[in-house]
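1. Here's my sequence, what's the structure:
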Amino acid sequence: MENEIISATPENVRRLFIYKQHLDGDSLRGSFREKFNSLMDDICFVQWDPVTVVAPSHLISIWSRIGKFKWAELDRQMWDEKSVFLHFTPTAMLVRMQDYPIFYSLMKNYPESLGNSWRSHIPPARKFIQDHKELRLQIMDKLRKGPADIKQFREFGKREKSQDGWSSGNEVTTMLYYLHMMGDVMVSGHVGNQNQWTITDEFLPEWVEKKDLPLDDMECIMAQKSLKALGIATATDINKYFVRGRYWNLNETLKRMVDESKILKVSIEGERKGRQMFINSEDVKTLEKIEKNGGTSGMKLISPFDNIISIRERLKRTFNFDYTLEQFFPKEKRKFGTYVLPILWNDQLVGRIDAKLEKKNGILQVNSVYAENGFEKVKEIGEKLDETVRDFAEFLNVEKVSYGNVRPDEWGRFLR
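-> I've put the predicted structure just below:
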(Lines give C-alpha, C1' and ligand atoms only; values in the text may rest on other atoms or scores of the structure.)
Protein backbone atom coordinates (compact mmCIF):
# COMPACT_ATOMS: atom_id res chain seq x y z
CA MET A 1 0.00 0.00 0.00
CA GLU A 2 3.08 2.29 -0.18
CA ASN A 3 2.04 5.83 -1.28
CA GLU A 4 -1.34 4.48 -2.37
CA ILE A 5 -3.99 7.13 -2.98
CA ILE A 6 -7.63 6.23 -2.39
CA SER A 7 -10.68 8.23 -3.46
CA ALA A 8 -13.79 9.25 -1.58
CA THR A 9 -16.85 11.41 -2.14
CA PRO A 10 -17.54 14.45 0.08
CA GLU A 11 -20.71 12.68 1.25
CA ASN A 12 -18.77 9.67 2.49
CA VAL A 13 -16.11 11.87 4.10
CA ARG A 14 -18.95 13.40 6.09
CA ARG A 15 -20.49 10.04 6.95
CA LEU A 16 -17.17 8.61 8.07
CA PHE A 17 -16.61 11.64 10.32
CA ILE A 18 -20.03 11.17 11.95
CA TYR A 19 -19.33 7.47 12.40
CA LYS A 20 -15.92 8.07 13.99
CA GLN A 21 -17.47 10.62 16.36
CA HIS A 22 -20.15 8.14 17.51
CA LEU A 23 -22.94 10.37 16.24
CA ASP A 24 -24.26 7.69 13.89
CA GLY A 25 -26.87 6.20 16.20
CA ASP A 26 -26.59 4.03 19.28
CA SER A 27 -23.37 2.18 18.51
CA LEU A 28 -22.03 2.24 22.08
CA ARG A 29 -23.18 -0.54 24.39
CA GLY A 30 -22.90 -1.46 28.06
CA SER A 31 -22.80 0.53 31.29
CA PHE A 32 -22.05 4.25 31.37
CA ARG A 33 -18.48 3.41 32.35
CA GLU A 34 -18.05 1.09 29.36
CA LYS A 35 -19.70 3.45 26.88
CA PHE A 36 -17.89 6.52 28.17
CA ASN A 37 -14.44 4.92 28.10
CA SER A 38 -15.00 3.53 24.59
CA LEU A 39 -16.18 6.96 23.47
CA MET A 40 -13.15 8.74 24.92
CA ASP A 41 -10.81 6.18 23.36
CA ASP A 42 -12.25 6.96 19.95
CA ILE A 43 -12.80 10.74 19.99
CA CYS A 44 -9.74 11.60 22.18
CA PHE A 45 -11.32 14.45 24.15
CA VAL A 46 -14.44 16.35 25.11
CA GLN A 47 -14.10 20.10 25.47
CA TRP A 48 -14.91 21.29 28.98
CA ASP A 49 -17.20 24.28 29.47
CA PRO A 50 -19.15 24.80 32.73
CA VAL A 51 -21.60 27.46 31.46
CA THR A 52 -25.12 26.40 32.45
CA VAL A 53 -27.45 28.36 30.16
CA VAL A 54 -28.83 24.92 29.31
CA ALA A 55 -26.26 22.47 30.67
CA PRO A 56 -22.46 22.36 30.66
CA SER A 57 -21.36 21.80 27.07
CA HIS A 58 -19.31 18.69 27.87
CA LEU A 59 -22.39 16.98 29.31
CA ILE A 60 -24.36 17.72 26.14
CA SER A 61 -21.54 16.35 23.97
CA ILE A 62 -21.52 13.11 25.94
CA TRP A 63 -25.34 12.84 25.98
CA SER A 64 -25.56 13.28 22.20
CA ARG A 65 -23.35 10.21 21.81
CA ILE A 66 -24.38 7.80 24.57
CA GLY A 67 -27.86 9.00 25.56
CA LYS A 68 -29.25 9.75 28.99
CA PHE A 69 -27.00 9.27 32.00
CA LYS A 70 -26.74 10.51 35.56
CA TRP A 71 -24.38 13.45 35.79
CA ALA A 72 -22.81 11.98 38.92
CA GLU A 73 -21.55 9.09 36.79
CA LEU A 74 -19.18 11.45 35.00
CA ASP A 75 -17.90 12.75 38.35
CA ARG A 76 -17.21 9.16 39.35
CA GLN A 77 -15.11 8.62 36.24
CA MET A 78 -13.21 11.86 36.79
CA TRP A 79 -12.55 11.91 40.52
CA ASP A 80 -12.93 8.30 41.73
CA GLU A 81 -11.98 5.94 38.93
CA LYS A 82 -9.82 8.59 37.26
CA SER A 83 -10.33 7.18 33.78
CA VAL A 84 -10.14 10.76 32.50
CA PHE A 85 -8.64 14.00 33.74
CA LEU A 86 -9.19 17.69 33.11
CA HIS A 87 -6.37 19.30 31.21
CA PHE A 88 -5.71 22.59 29.43
CA THR A 89 -4.17 22.23 25.98
CA PRO A 90 -4.47 25.37 26.39
CA THR A 91 -8.24 24.78 25.84
CA ALA A 92 -9.88 22.97 28.79
CA MET A 93 -10.61 19.37 27.81
CA LEU A 94 -11.43 16.00 29.33
CA VAL A 95 -8.81 13.52 28.11
CA ARG A 96 -8.03 9.86 28.77
CA MET A 97 -5.77 9.05 31.70
CA GLN A 98 -4.17 6.35 29.56
CA ASP A 99 -2.96 9.16 27.27
CA TYR A 100 -1.09 10.76 30.18
CA PRO A 101 2.36 9.98 28.63
CA ILE A 102 1.50 12.38 25.78
CA PHE A 103 0.58 15.15 28.17
CA TYR A 104 3.47 14.36 30.49
CA SER A 105 5.84 14.95 27.58
CA LEU A 106 4.13 18.24 26.75
CA MET A 107 4.19 19.29 30.40
CA LYS A 108 7.86 18.54 30.98
CA ASN A 109 8.82 20.64 27.96
CA TYR A 110 6.46 23.56 28.67
CA PRO A 111 6.29 26.30 27.44
CA GLU A 112 8.45 25.31 24.45
CA SER A 113 6.04 22.41 23.81
CA LEU A 114 3.20 24.80 22.92
CA GLY A 115 4.00 24.20 19.26
CA ASN A 116 3.74 26.33 16.14
CA SER A 117 0.11 27.35 16.60
CA TRP A 118 0.73 28.78 20.07
CA ARG A 119 4.30 30.04 19.65
CA SER A 120 3.35 33.64 20.52
CA HIS A 121 2.36 32.39 24.00
CA ILE A 122 5.83 31.03 24.75
CA PRO A 123 7.71 34.26 25.68
CA PRO A 124 5.03 35.63 28.08
CA ALA A 125 4.65 32.21 29.72
CA ARG A 126 8.40 31.89 30.19
CA LYS A 127 8.63 35.44 31.58
CA PHE A 128 5.74 35.04 34.05
CA ILE A 129 7.16 31.79 35.41
CA GLN A 130 10.62 33.33 35.75
CA ASP A 131 9.31 36.52 37.42
CA HIS A 132 7.08 34.71 39.95
CA LYS A 133 9.34 32.05 41.44
CA GLU A 134 8.36 32.97 44.99
CA LEU A 135 4.64 32.73 44.21
CA ARG A 136 5.23 29.31 42.66
CA LEU A 137 6.89 28.10 45.87
CA GLN A 138 4.10 29.53 48.03
CA ILE A 139 1.37 27.78 46.01
CA MET A 140 3.21 24.46 46.02
CA ASP A 141 3.80 24.70 49.80
CA LYS A 142 0.09 25.40 50.30
CA LEU A 143 -0.96 22.40 48.19
CA ARG A 144 1.40 20.04 49.99
CA LYS A 145 -0.89 20.53 52.98
CA GLY A 146 -3.90 19.35 50.95
CA PRO A 147 -6.16 20.24 48.00
CA ALA A 148 -7.35 23.85 47.74
CA ASP A 149 -9.55 26.03 45.56
CA ILE A 150 -8.80 29.58 44.46
CA LYS A 151 -10.48 31.14 47.48
CA GLN A 152 -7.88 29.54 49.76
CA PHE A 153 -5.05 31.48 48.10
CA ARG A 154 -6.38 34.96 48.92
CA GLU A 155 -3.22 36.00 50.77
CA PHE A 156 -1.02 35.24 47.76
CA GLY A 157 -0.21 37.30 44.67
CA LYS A 158 -1.68 40.48 43.19
CA ARG A 159 -5.14 41.03 41.81
CA GLU A 160 -5.45 43.59 39.05
CA LYS A 161 -7.93 44.30 36.29
CA SER A 162 -6.92 42.23 33.28
CA GLN A 163 -5.74 44.12 30.23
CA ASP A 164 -7.50 41.82 27.77
CA GLY A 165 -10.88 41.81 29.53
CA TRP A 166 -11.02 38.00 29.49
CA SER A 167 -8.39 36.73 31.90
CA SER A 168 -8.81 37.20 35.64
CA GLY A 169 -5.84 39.48 36.31
CA ASN A 170 -5.20 37.27 39.36
CA GLU A 171 -1.56 36.18 39.65
CA VAL A 172 -2.54 33.04 41.58
CA THR A 173 -4.97 31.96 38.87
CA THR A 174 -2.31 32.56 36.25
CA MET A 175 0.34 30.65 38.18
CA LEU A 176 -2.01 27.72 38.83
CA TYR A 177 -2.61 27.57 35.10
CA TYR A 178 1.12 27.49 34.37
CA LEU A 179 1.79 24.95 37.13
CA HIS A 180 -0.92 22.81 35.55
CA MET A 181 0.64 23.18 32.10
CA MET A 182 4.01 22.16 33.58
CA GLY A 183 2.48 19.10 35.26
CA ASP A 184 3.08 20.19 38.87
CA VAL A 185 -0.61 20.42 39.82
CA MET A 186 -3.90 18.91 38.63
CA VAL A 187 -7.60 19.55 39.06
CA SER A 188 -8.76 16.93 41.58
CA GLY A 189 -12.38 18.00 42.03
CA HIS A 190 -14.76 20.93 42.06
CA VAL A 191 -16.09 23.18 44.79
CA GLY A 192 -19.18 24.67 43.15
CA ASN A 193 -17.86 25.92 39.82
CA GLN A 194 -14.33 26.37 41.15
CA ASN A 195 -11.50 23.96 40.41
CA GLN A 196 -9.97 22.18 43.37
CA TRP A 197 -6.21 21.91 42.89
CA THR A 198 -3.79 19.32 44.21
CA ILE A 199 -0.21 18.17 43.75
CA THR A 200 -0.12 15.98 40.63
CA ASP A 201 1.60 13.03 42.29
CA GLU A 202 -1.09 13.01 44.99
CA PHE A 203 -3.86 12.56 42.41
CA LEU A 204 -2.40 10.37 39.66
CA PRO A 205 -3.27 6.66 39.77
CA GLU A 206 -0.28 4.44 40.54
CA TRP A 207 -0.53 2.68 37.18
CA VAL A 208 0.02 5.86 35.14
CA GLU A 209 3.29 5.87 33.25
CA LYS A 210 5.29 9.10 33.41
CA LYS A 211 7.48 8.88 30.35
CA ASP A 212 8.99 11.73 28.34
CA LEU A 213 8.40 10.67 24.74
CA PRO A 214 10.77 11.70 21.93
CA LEU A 215 9.20 14.53 19.87
CA ASP A 216 8.96 12.47 16.66
CA ASP A 217 7.25 9.56 18.43
CA MET A 218 4.88 11.85 20.31
CA GLU A 219 3.81 13.73 17.18
CA CYS A 220 3.17 10.44 15.38
CA ILE A 221 0.97 9.18 18.24
CA MET A 222 -0.96 12.46 18.44
CA ALA A 223 -1.48 12.67 14.68
CA GLN A 224 -2.72 9.08 14.44
CA LYS A 225 -5.16 9.60 17.31
CA SER A 226 -6.40 12.83 15.79
CA LEU A 227 -6.90 11.26 12.37
CA LYS A 228 -8.64 8.25 13.93
CA ALA A 229 -11.27 10.60 15.42
CA LEU A 230 -11.68 12.66 12.23
CA GLY A 231 -11.85 9.87 9.66
CA ILE A 232 -10.45 11.78 6.69
CA ALA A 233 -8.66 15.05 7.34
CA THR A 234 -6.13 17.64 6.21
CA ALA A 235 -2.94 18.40 8.11
CA THR A 236 -4.64 21.55 9.43
CA ASP A 237 -7.59 19.50 10.73
CA ILE A 238 -5.22 17.07 12.45
CA ASN A 239 -3.26 19.94 14.00
CA LYS A 240 -6.34 21.70 15.36
CA TYR A 241 -8.14 18.60 16.66
CA PHE A 242 -5.74 16.69 18.94
CA VAL A 243 -3.76 18.03 20.68
CA ARG A 244 -5.02 21.48 19.65
CA GLY A 245 -2.07 22.93 17.78
CA ARG A 246 0.74 21.37 19.85
CA TYR A 247 2.82 20.23 16.86
CA TRP A 248 6.19 21.46 15.63
CA ASN A 249 6.89 19.19 12.64
CA LEU A 250 3.48 17.88 11.57
CA ASN A 251 4.07 17.90 7.81
CA GLU A 252 7.26 15.88 8.22
CA THR A 253 5.47 13.55 10.63
CA LEU A 254 2.64 12.91 8.15
CA LYS A 255 5.12 12.28 5.34
CA ARG A 256 6.90 9.68 7.46
CA MET A 257 3.57 8.06 8.39
CA VAL A 258 2.65 7.82 4.69
CA ASP A 259 6.02 6.27 3.88
CA GLU A 260 5.45 3.73 6.67
CA SER A 261 1.89 3.02 5.37
CA LYS A 262 0.34 4.01 8.70
CA ILE A 263 -1.80 6.51 6.84
CA LEU A 264 -2.85 6.91 3.20
CA LYS A 265 -3.42 9.92 1.02
CA VAL A 266 -7.02 10.54 -0.05
CA SER A 267 -8.36 12.20 -3.17
CA ILE A 268 -11.79 13.81 -2.68
CA GLU A 269 -14.10 14.03 -5.68
CA GLY A 270 -14.65 17.67 -6.63
CA GLU A 271 -12.04 19.00 -4.18
CA ARG A 272 -9.62 21.64 -5.40
CA LYS A 273 -6.11 20.43 -6.09
CA GLY A 274 -3.49 21.18 -3.47
CA ARG A 275 -5.58 20.27 -0.42
CA GLN A 276 -4.02 16.99 0.69
CA MET A 277 -6.14 14.73 2.87
CA PHE A 278 -5.30 11.57 4.81
CA ILE A 279 -6.93 8.49 6.33
CA ASN A 280 -5.65 5.90 8.79
CA SER A 281 -4.87 2.66 6.94
CA GLU A 282 -7.07 0.73 9.37
CA ASP A 283 -10.08 2.91 8.49
CA VAL A 284 -10.09 2.12 4.77
CA LYS A 285 -12.36 -0.90 5.30
CA THR A 286 -14.75 1.23 7.35
CA LEU A 287 -14.90 3.76 4.51
CA GLU A 288 -15.60 0.95 2.03
CA LYS A 289 -18.43 -0.29 4.24
CA ILE A 290 -19.96 3.18 4.35
CA GLU A 291 -19.61 3.51 0.58
CA LYS A 292 -21.50 0.24 0.19
CA ASN A 293 -24.19 0.60 2.87
CA GLY A 294 -24.48 4.37 3.38
CA GLY A 295 -24.57 6.02 6.79
CA THR A 296 -27.25 6.62 9.40
CA SER A 297 -27.35 8.88 12.41
CA GLY A 298 -30.96 9.73 13.22
CA MET A 299 -31.07 13.11 14.95
CA LYS A 300 -28.72 14.66 17.49
CA LEU A 301 -28.46 18.06 19.14
CA ILE A 302 -24.88 19.31 19.04
CA SER A 303 -23.33 21.32 21.88
CA PRO A 304 -21.73 24.72 21.15
CA PHE A 305 -18.24 23.34 21.83
CA ASP A 306 -18.70 19.91 20.26
CA ASN A 307 -15.82 18.15 18.51
CA ILE A 308 -17.56 18.11 15.11
CA ILE A 309 -17.99 21.91 14.98
CA SER A 310 -14.85 23.05 16.79
CA ILE A 311 -12.78 23.42 13.59
CA ARG A 312 -14.77 26.06 11.74
CA GLU A 313 -13.17 25.74 8.27
CA ARG A 314 -13.65 21.94 8.41
CA LEU A 315 -17.26 22.49 9.49
CA LYS A 316 -17.89 24.71 6.48
CA ARG A 317 -16.06 22.39 4.09
CA THR A 318 -17.70 19.19 5.35
CA PHE A 319 -21.24 20.31 6.22
CA ASN A 320 -21.58 23.68 4.45
CA PHE A 321 -22.56 25.05 7.85
CA ASP A 322 -21.48 28.29 9.52
CA TYR A 323 -21.40 28.56 13.29
CA THR A 324 -20.44 31.39 15.64
CA LEU A 325 -20.50 31.45 19.44
CA GLU A 326 -22.94 34.33 19.68
CA GLN A 327 -23.14 34.26 23.48
CA PHE A 328 -20.00 36.40 23.40
CA PHE A 329 -21.75 39.07 21.28
CA PRO A 330 -23.87 41.98 22.55
CA LYS A 331 -27.52 40.92 22.45
CA GLU A 332 -28.38 43.23 19.55
CA LYS A 333 -25.72 41.61 17.36
CA ARG A 334 -26.86 38.02 17.83
CA LYS A 335 -28.42 36.45 14.74
CA PHE A 336 -29.60 33.13 16.16
CA GLY A 337 -29.50 33.55 19.95
CA THR A 338 -27.50 33.15 23.12
CA TYR A 339 -26.96 29.39 23.42
CA VAL A 340 -27.37 27.80 20.02
CA LEU A 341 -27.30 24.04 19.39
CA PRO A 342 -26.94 22.80 15.79
CA ILE A 343 -29.27 19.99 14.65
CA LEU A 344 -27.66 16.92 13.07
CA TRP A 345 -30.10 14.85 11.01
CA ASN A 346 -28.71 11.77 9.29
CA ASP A 347 -25.50 13.15 7.76
CA GLN A 348 -26.44 16.84 7.50
CA LEU A 349 -26.57 19.82 9.84
CA VAL A 350 -30.08 20.97 9.00
CA GLY A 351 -30.77 23.76 11.47
CA ARG A 352 -30.25 25.06 14.99
CA ILE A 353 -32.17 25.89 18.14
CA ASP A 354 -31.64 28.64 20.71
CA ALA A 355 -32.42 27.13 24.09
CA LYS A 356 -32.44 28.04 27.77
CA LEU A 357 -33.11 25.92 30.84
CA GLU A 358 -35.54 27.43 33.35
CA LYS A 359 -34.73 25.01 36.12
CA LYS A 360 -36.86 26.71 38.77
CA ASN A 361 -39.96 26.35 36.59
CA GLY A 362 -39.00 22.92 35.21
CA ILE A 363 -39.03 24.15 31.60
CA LEU A 364 -36.67 23.75 28.66
CA GLN A 365 -37.39 26.96 26.75
CA VAL A 366 -36.66 26.75 23.03
CA ASN A 367 -36.69 30.42 22.12
CA SER A 368 -36.29 29.89 18.39
CA VAL A 369 -35.78 27.21 15.76
CA TYR A 370 -34.01 27.87 12.46
CA ALA A 371 -33.73 25.66 9.37
CA GLU A 372 -30.83 25.66 6.95
CA ASN A 373 -31.69 26.42 3.33
CA GLY A 374 -33.22 23.41 1.64
CA PHE A 375 -34.48 21.75 4.80
CA GLU A 376 -37.23 24.10 5.97
CA LYS A 377 -39.98 22.12 4.22
CA VAL A 378 -38.94 18.64 5.36
CA LYS A 379 -41.74 17.73 7.76
CA GLU A 380 -39.94 14.65 9.03
CA ILE A 381 -37.30 16.91 10.58
CA GLY A 382 -39.88 18.82 12.61
CA GLU A 383 -41.43 15.62 13.92
CA LYS A 384 -38.06 14.12 14.84
CA LEU A 385 -36.85 17.39 16.35
CA ASP A 386 -39.69 17.55 18.87
CA GLU A 387 -38.92 13.97 19.93
CA THR A 388 -35.22 14.79 20.29
CA VAL A 389 -35.84 18.00 22.23
CA ARG A 390 -38.11 16.14 24.66
CA ASP A 391 -35.43 13.47 25.14
CA PHE A 392 -33.03 16.31 25.86
CA ALA A 393 -35.42 17.79 28.42
CA GLU A 394 -35.62 14.41 30.15
CA PHE A 395 -31.81 14.33 30.33
CA LEU A 396 -31.95 17.80 31.91
CA ASN A 397 -34.50 16.53 34.46
CA VAL A 398 -37.31 18.85 33.39
CA GLU A 399 -40.76 17.75 32.24
CA LYS A 400 -41.94 20.63 30.06
CA VAL A 401 -40.75 22.01 26.72
CA SER A 402 -41.91 25.44 25.58
CA TYR A 403 -41.34 26.73 22.03
CA GLY A 404 -41.13 30.37 20.99
CA ASN A 405 -42.72 31.80 17.87
CA VAL A 406 -39.66 31.69 15.60
CA ARG A 407 -39.71 28.38 13.75
CA PRO A 408 -40.06 27.06 10.17
CA ASP A 409 -43.72 26.73 9.13
CA GLU A 410 -43.42 23.11 8.01
CA TRP A 411 -41.73 22.15 11.29
CA GLY A 412 -43.94 24.29 13.49
CA ARG A 413 -46.97 21.97 13.58
CA PHE A 414 -44.84 19.47 15.50
CA LEU A 415 -43.20 21.98 17.85
CA ARG A 416 -45.91 22.83 20.36
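
2. end-to-end on stretch 272-281?
-> 23 Å (C-alpha to C-alpha, to the nearest Å).

3. Can you give the contact residues for that stretch?
-> Residues from elsewhere that reach stretch 272-281, judged by C-beta atoms under 8 Å, 6 or more residues apart in numbering: 1, 6, 8, 13, 224, 227-228, 231-235, 238, 254, 257-258, 261-268, 271, 287. Every residue, glycine included, has its C-beta placed from N, CA and C.

4. Buried among the residues you listed? Need that as a selection in ChimeraX.
-> This is the ChimeraX syntax for the buried subset of those, where burial follows 16 or more other C-beta atoms under 10 Å:
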select :6,8,13,224,227,228,231,232,233,234,235,238,254,257,258,262,263,264,266,268,287
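
5. Show me the contacts of stretch 272-281 that map onto strands.
-> Those of those mapping onto strands are 6, 8, 232-234, 263-268, per DSSP state E.

6. Can I get those in a markdown table including distance to residue 102 and pLDDT?
-> Output for those, formatted as a markdown table (distance: C-beta to C-beta, whole Å; pLDDT from 0 to 100):
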| residue | distance to residue 102 | pLDDT |
| --- | --- | --- |
| 6 | 28 | 94 |
| 8 | 29 | 96 |
| 232 | 23 | 98 |
| 233 | 18 | 98 |
| 234 | 21 | 97 |
| 263 | 18 | 98 |
| 264 | 24 | 97 |
| 265 | 25 | 97 |
| 266 | 25 | 97 |
| 267 | 31 | 94 |
| 268 | 29 | 94 |
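
7. what about residue 78, how many residues close to it?
-> The local packing of residue 78 (other C-beta atoms under 10 Å) involves 19 other residues.

8. quick check, it in a strand?
-> No - judged by DSSP: H, G, I helix; E, B strand; the rest coil, residue 78 forms no part of a strand; its state is helix.

9. pretty sure it contacts residue 96?
-> No - between residue 78 and residue 96 there is no contact under C-beta atoms under 8 Å: 11.6 Å.

10. how much space is there between residue 145 and residue 306?
-> Using C-beta to C-beta, to the nearest Å, one gets 39 Å for the distance from residue 145 to residue 306.

11. still on that earlier bit, find the residues that touch each one of residue 78 and residue 96.
-> Joint contacts of residue 78 and residue 96 (C-beta under 8 Å, 6+ apart) are residue 84.

12. hang on, the earlier thing: the more surrounded of residue 145 and residue 306?
-> Taking neighbours as other C-beta under 10 Å, residue 145 and residue 306 compare with residue 306 leading, 25 against 9.

13. how far away is the nearest residue to that one once chain neighbours are set aside from residue 45?
-> Distances taken as C-beta to C-beta, 6 or more residues apart in numbering put residue 61 closest to residue 306, at 5.0 Å, once the chain neighbours are dropped. Separation of residue 61 from residue 45 (C-beta to C-beta): 10 Å.

14. any common contacting residues for the two?
-> residue 307.

15. returning to what we had before: per-residue confidence at the residue nearest to residue 306?
-> Predicted confidence (pLDDT) for residue 61: 98.

16. what helices or strands is the helix or strand harbouring it leaning on?
-> Counting by DSSP states H and E, the element that carries residue 61 is helix 57-66. Applying 3 or more C-beta pairs under 8 Å, 6 or more residues apart in numbering; DSSP states H and E, one finds that helix 57-66 makes contact with helix 32-43, strand 45-47, helix 71-75, strand 299-301.

17. Now the ones in strands among the contacts of stretch 272-281 in a markdown table, please, with extra columns for distance to residue 183.
-> Shown next, in a markdown table, are these (distance: C-beta to C-beta, whole Å):
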| residue | distance to residue 183 |
| --- | --- |
| 6 | 40 |
| 8 | 40 |
| 232 | 33 |
| 233 | 29 |
| 234 | 31 |
| 263 | 29 |
| 264 | 35 |
| 265 | 36 |
| 266 | 36 |
| 267 | 41 |
| 268 | 39 |
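
18. Looking at these, spot the one nearest residue 70.
-> residue 233 (34.0 Å; C-beta to C-beta).

19. still on that earlier bit, got the helices and strands packed on helix 57-66 as CSV, with mean neighbour count columns?
-> Shown next, in CSV, are the helices and strands packed on helix 57-66 (neighbours: other C-beta atoms under 10 Å):
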stretch, mean neighbour count
helix 32-43, 18
strand 45-47, 24
helix 71-75, 13
strand 299-301, 22
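
20. neighbouring contacts of stretch 316-331?
-> For stretch 316-331, using C-beta under 8 Å, 6+ apart, the contacting residues are 10, 13-14, 17, 51, 53, 304, 309, 312, 315, 333-340, 342, 348-349, 352, 372.

21. try 6 Å this time
-> 14, 304, 309, 315, 334, 338-339, 349 (C-beta atoms under 6 Å, 6 or more residues apart in numbering).

22. Over to stretch 181-199?
-> With contacts defined as C-beta under 6 Å, 6+ apart, stretch 181-199 is touched by 50, 79, 86, 107, 110, 143, 147-150, 176, 179, 200, 203.

23. ok, and the most crowded of these?
-> When neighbours are counted by other C-beta under 10 Å, residue 176 leads these with 25 neighbours.

24. Determine how far the last residue of stretch 242-254 lies from the first.
-> Using C-alpha to C-alpha, the end-to-end distance of stretch 242-254 comes out at 14 Å.

25. Which positions within it qualify as buried?
-> Those would be 242-248, 250, 253-254, for stretch 242-254 by 16+ other C-beta under 10 Å.
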